[in-house]
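> After the sequence you'll find the predicted model.
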Amino acid sequence: MPDIWPPDIELRGTHAALVPLSPDHAEDLMEASADGNLHDLWYTTVPRPDAVPAEIERRNGLRAAGSMMPFAVLDAHGRAVGMTTYMNIDASNRRVEIGSTWYRRAVQRGPLNTECKLMLLGHAFERLECIAVEFCTHRLNHQSRRAIERLGATLDGIRRAHMVMANGTIRDTAVYSITAPEWPTVKAHLEWQLVKPR
């Protein structure tokens with residue numbers, strides 16, 4: 001897809017790799033979704049195991065339209081353990097949102113998420129020359145908000161009554177961002193998080 005920005009990329013680290021999402025990842029991701037019944041969390045959107053193939057197709061449809069760049073998140077053994085994306089892509093203003101992210105329960109609260117964010121942010125600021133990267137989550141998703149704040153992102157505000165959730169409730173969305181001038185400090189912080197004793 002040469003005309004779509006950003007172009008396809010694979011990002012590889014010690015704990016994780018990010019590769020273009022494909023139907024080949026469906027079996028691993030179905031197992032990942034079932035780990036901890038993540039799809040039952042009302043304040044986030046994780047596909048049920050049987051809905052994973054359709055979610056892969058949906059995300060790749062958005063990729064073809066130029067509004068999303070979906071990745072499968074692989075662990076150190078090459079097994080797909082989650083999904084993440086560049087989304088709400090604004091090529092003319094060089095802005096992306098990192099979102100629609102979920103990981104199987106077994107890899108949460110470890111180095112995998114930190115390394116994924118380091119790779120995604122590094123690529124966005126250092127290769128794509130983004131002026132800002134955004135993160136959004138449900139106002140009541142405290143685990144997600146704490147994780148975003150640990151990255152060094154700043155709360156821009158709350159979009160009240162922003163969207164209707166699958167269960168019919170109305171989501172207030174907490175919007176965070178990291179700007180290009182902030183990236184060197186955030187990068188140093190994330191690199192330190194990866195090497196500090198746990």
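Thanks, I have the structure now.
> Poorly predicted segments of the protein, please.
Scanning the chain for pLDDT under 70 picks out 1-2, 42-43, 197-198.
> What is the neighbour count of the closest residue to P20 other than its chain neighbours?
Sequence neighbours aside, D8 is the residue nearest to P20 in space, at 5.4 Å (criterion: CB to CB, 6 or more residues apart in numbering). Yep, even glycine has a C-beta here, placed from its N, CA and C like the rest. D8: 12 surrounding residues under other CB atoms under 10 Å.
> do R145 as well
18.
> and if you look at V164?
Neighbour tally, V164, other CB under 10 Å: 10.
> do N93 as well
N93 has 10 nearby residues by other CB under 10 Å.
> which ones are touching the nearest residue to it once chain neighbours are set aside?
Leaving aside its sequence neighbours, N93 sits nearest to I131 (CB to CB, 6+ apart; 6.8 Å). Going by CB atoms under 8 Å, 6 or more residues apart in numbering, I131 touches N93, R94, R95, T179, A180.
> mind checking how far the first one is from L29?
This means N93. 31 Å (CB to CB, to the nearest Å).
> ok, which stretches of this structure are helices?
26-34, 52-65, 111-122, 142-151, 183-195 (DSSP state H).
> follow-up on the earlier one: out of the contacts of I131, which end up buried?
R94, R95 (16 or more other CB atoms under 10 Å).
> Let me see the ranges of the strands in this protein.
11-12, 16-20, 68-75, 80-90, 95-103, 132-138, 154-164, 170-179 (DSSP state E).
> List the neighbouring strands of the shortest one plus their orientation.
Same thing as strand 11-12. Strand 11-12 pairs in its sheet with strand 16-20 (antiparallel), by DSSP bridges.
> Which positions within the strand it pairs with qualify as buried?
Buried, per 16+ other CB under 10 Å, within strand 16-20: A16, A17, L18, V19.
> Same check on stretch 138-153?
For stretch 138-153, by 16+ other CB under 10 Å, it's H138, R139, N141, S144, R145, A147, I148, L151, G152, A153.
> next one: stretch 137-155 to chain centre, how far?
Relative to the chain's own centre, stretch 137-155 is displaced by 12 Å; criterion: CA atoms, centre = their mean, to the nearest Å.
> what's the span of it, first residue to last?
One end of stretch 137-155 to the other measures 11 Å (CA to CA, to the nearest Å).
> thinking again about what came up before, now the contacts of I131 in TSV, with distance to G168?
As requested, the contacts of I131 are exported to TSV (distance: CB to CB, whole Å):
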residue	distance to G168
N93	33
R94	36
R95	31
T179	35
A180	39
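> Go through the contacts of I131 and name the one nearest T84.
R95 (16.9 Å; CB to CB).
> So what sits opposite the closest one in the bridge?
D90, A132.
> close enough to count as contact, it and E134?
Yes - contact criterion CB atoms under 8 Å: R95 and E134 qualify, at 6.8 Å.
> Appreciated, that's everything.
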